Structure formats: C-alpha cells, structure tokens
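Peer 1: Okay, predicted coordinates and the sequence, questions at the end:
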Amino acid sequence: MMEKKVALVTGGSRGIGRAICVRLAKAGMQVVFNYQSGEEAAAETVRLCQAEGVEALAVKADVSHSADCDALVQKTLEFGGRLDVLVNNAGITRDNLLMRMSDEDLDAVLNVNLKGSFYMMRAASKVMLKQRSGKIVNISSVVGILGNVGQMNYAASKAAVIGMTKSLARELASRKITVNAIAPGMIETAMTEKMTEKAKEAVLQAIPFHAMGAAEDVANAVAFLAGEESGYITGQVLCVDGGMAI
C-alpha cells in the first residue's frame with residue numbers, strides 16, 4: 001500500500017490556511033498545521049480534514065521563533081514519517097502610513113511573514129533534500145508585487161517572500177524539489193467581512209473581475225503546485241487575484 005503524502009501548513013486554523021488544509025486532505029494527504037491561538041478553530045480544521053478520510057494534527061507553535069519551526073518539522077516527521085509538502089501561509093498585518101508606523105509594527109510583520117517563512121523553509125529543505133523530493137509553496141500577496149498605501153511593512157515582507165522563493169528554487173532544483181509562490185489578491189475572509197461597504201466597493205473597482213476571490217481559489221492553486229502535475233514548474237509566482245496584477 002502506497003504511503004500517504006504528508007503536508008505541513010503554517011497558520012492552518014482558519015481562513016485561507018484552513019481551506020488549504022482541507023483541500024490537501026481532499027487530495028489524500030495527511031495534514032499537520034500550526035496555530036498560535038484559538039484551540040477551537042484548530043480543532044475544527046482537524047475535524048474537517050479527518051472528514052476527508054485522512055489523519056490531521058494541530059500543533060501550537062509560533063513561526064517567528066526558529067526553535068518552534070524546527071520543532072514543528074520534527075513533529076511532522078514523528079506524525080507522518082516524512083514531509084512532502086510545505087505551505088508557508090502564516091502571516092499578519094500591522095497597517096499604517098509610514099510616518100505613523102512604529103518599529104514594533106515593522107518587526108512584528110517581518111518576524112512572522114519573512115523570518116517565519118525562512119525558518120520553515122530552512123528546516124523543511126533539510127528533510128526534503130534527504131528524501132530527494134518535496135514541494136514548497138509560499139503564500140505571498142499581490143501587495144508584494146504592486147505595493148499598497150499603508151502596508152509598507154507587509155508589502156516588504158511579501159516581496160521578500162517572492163525573492164526567497166526564486167532563490168531557494170535555484171538551490172533545490174538539482175534534487176527536483178520545487179519552490180513556488182502564490183500571490184492572492186482580495187480574498188473573502190473574516191478580515192474583509194469587517195470592511196465597510198464603501199471600502200469594499202473601492203476595492204472591487206480595482207479588480208478586473210469586479211469580485212473578491214474565495215479562500216478555496218487559493219487552496220486550489222496550492223493543491224496544483226503541491227501535486228504531481230506541476231513537477232516541471234519552479235521559481236514561479238502564481239497570482240490568484242482576479243486580474244489585479246495585470
């Protein structure tokens with residue numbers, strides 16, 4: 001019987017992260033994900049993955065700490081015996097105009113979005129190199145491509161994720177390990193639900209589709225890049241944005 005593949009997703013307890021976990025579970029992968037708070041939400045993600053007929057494990061961990069990232073990869077190996085797919089999804093925002101942005105706002109975003117992705121890729125790539133196989137998918141953002149008012153810290157972190165993606169893709173290509181990024185646009189989440197109708201309308205005007213995307217749209221793109229069909233694709237950025245970055 002063929003051993004099930006194992007996926008590790010950061011920030012998988014809700015929103016886009018949860019959709020990714022469930023989609024990979026639907027593809028037959030065992031799923032490990034981390035969460036930082038909200039045990040009930042994490043338990044719900046586990047339940048949804050198990051409903052797809054696979055095992056799932058939630059681990060409380062902070063990706064801004066390298067020791068937590070190393071431990072997360074180790075727990076994944078203990079759980080599934082291997083690591084086939086890493087999805088760096090965990091991310092935060094601390095929006096403000098530059099003149100009002102504090103050192104703490106900058107550090108918090110870079111620590112999670114940039115350093116967290118770096119720590120996870122460093123830990124996972126060691127395992128994948130030994131296996132001589134693996135897929136890494138980093139969740140960047142259309143903001144990392146276009147920029148956005150009040151999000152200099154976030155834009156910098158997501159642009160840096162793209163740079164790391166392309167660099168690591170070159171480093172791991174000889175072992176046929178692929179490293180790609182997805183740049184979501186405006187996706188309907190709990191965060192966008194809090195937007196005023198006026199703010200939503202302004203956003204929709206900037207999207208050629210004139211509609212927000214769903215978390216499942218991002219998850220489907222992840223499943224493609226994590227699957228066998230994308231075996232000859234590496235170092236690329238796939239925009240899931242309804243045309244925002246055209």
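Peer 2: That came in fine, so what should we check first?

Peer 1: what's the closest non-adjacent residue to residue 26?
Peer 2: Nearest residue to residue 26 in three dimensions, chain neighbours excluded: residue 52, at 5.0 Å (C-beta to C-beta, 6 or more residues apart in numbering). All C-beta atoms are positioned from the backbone trio N, CA, C, and that covers glycine.

Peer 1: Closest to the centroid, which residue in this structure?
Peer 2: residue 89 (2.0 Å; C-alpha atoms, centre = their mean).

Peer 1: circling back: the residue nearest to residue 26 belongs to a helix?
Peer 2: No. Counting by DSSP: H, G, I helix; E, B strand; the rest coil, residue 52 is not part of a helix but coil.

Peer 1: Roughly how far does the residue nearest to the centre of the chain sit from residue 100?
Peer 2: 28 Å (C-beta to C-beta, to the nearest Å).

Peer 1: now the nearest residue to residue 91 once chain neighbours are set aside: how far from residue 164?
Peer 2: Nearest non-adjacent residue to residue 91, counting by C-beta to C-beta, 6+ apart: residue 113, 4.8 Å away. Distance check for residue 113 against residue 164: by C-beta to C-beta, it reads 11 Å.

Peer 1: Same check on residue 9?
Peer 2: 18 Å.

Peer 1: and if you look at residue 154?
Peer 2: Residue 154 is 16 Å from residue 164, by C-beta to C-beta.

Peer 1: more neighbours, the two?
Peer 2: Ranked by neighbour count (other C-beta atoms under 10 Å), residue 154 and residue 164 place residue 154 first, with 24 against 20.

Peer 1: hang on, isn't the more buried one packed against residue 141?
Peer 2: Yes. The pair residue 154 / residue 141 is scored as a contact, 7.2 Å apart, by C-beta atoms under 8 Å.

Peer 1: what's the longest helix in the chain?
Peer 2: helix 152-172 (DSSP state H).

Peer 1: Which neighbouring elements make contact with that one?
Peer 2: The elements that helix 152-172 packs onto, with contact taken as 3 or more C-beta pairs under 8 Å, 6 or more residues apart in numbering; DSSP states H and E, are helix 103-109, helix 116-131, strand 135-139, helix 143-146, strand 178-184.

Peer 1: what does the helix-or-strand element of the chain with minimal mean pLDDT rub up against?
Peer 2: For the chain, using mean pLDDT, DSSP states H and E, the weakest element among its helices and strands is helix 190-193, scoring a mean of 76. By C-beta atoms under 8 Å, 6 or more residues apart in numbering, the residues outside helix 190-193 that reach it are 14, 15, 186, 200, 212.

Peer 1: May I have it exported as CSV, CA atoms only?
Peer 2: Only the C-alpha atoms of helix 190-193 are listed here, as CSV (Å, rounded to 0.1, in the frame of the first residue of the first chain):
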residue,chain,number,x,y,z
ALA,A,190,-13.2,37.2,8.4
MET,A,191,-10.9,40.3,7.9
THR,A,192,-12.7,41.5,4.7
GLU,A,193,-16.1,41.0,6.4
